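Peer 1: Sequence and predicted structure are below.
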Amino acid sequence: MTQEDKELLLKDICARLLYGVKVLDNSHKDYGVSKIINIGFDGSILVDNEMDDIQYYPIIDDIKPYLRPMGSMTGEEKKEFHHIASLQRNYLGDDIFYTHWQMYDWLNKNMFDYRGLIEKGLALVVPDDMYEINKK
């Protein structure tokens, strides 16, 4: 993994930390799915294994977050997303489309891969029942 890929992955995971991003750790295949619970200033990652409630520190090269492809957005989600994006105005009163922080918060909360991590091999497609958001 290149340094640029590591930085991109850490940046993405940090933005999703509040929402309970789950990862597969390739160095501990027997652990299954883990949830990231903290990221240190030095880039260290603390995860909590959901099967055995074990906390450990994997290296960024070994983890892949589970994300949703942008194309998997449902019709209802598209309406909600476009509503959020279209309502935003900057401090000058100009419309801001697809650049406002609330839009990115919504994408992070709903675990959409807007950075192309799946295509780059840095993330995995989420199973349908992994996140609570998919149970609607």
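Peer 2: That came through fine. Residues are numbered from 1 along each chain as shown.
Peer 1: Starting from the longest strand seen in the chain, tell me which strands it pairs with and how they run.
Peer 2: Using DSSP state E to define each element, the chain has its longest strand at strand 33-39. Applying DSSP bridges, strand 33-39 is found paired with strand 22-25 (antiparallel), strand 45-49 (antiparallel).
Peer 1: now those in TSV, with mean neighbour count and distance to Leu107?
Peer 2: Every C-beta, even on glycine, is put in place using the N, C-alpha and C of the backbone. Below are those laid out as TSV (neighbours: other C-beta atoms under 10 Å; distance: least, C-beta to C-beta, whole Å):
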stretch	mean neighbour count	distance to Leu107
strand 22-25	20	16
strand 45-49	19	21
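Peer 1: helices or strands up against the worst-scoring helix or strand of the chain on mean pLDDT?
Peer 2: The helix or strand of the chain with the lowest confidence, counting by mean pLDDT, DSSP states H and E, is strand 55-56 at a mean of 72. Judged by 3 or more C-beta pairs under 8 Å, 6 or more residues apart in numbering; DSSP states H and E, strand 55-56 is in contact with strand 45-49.
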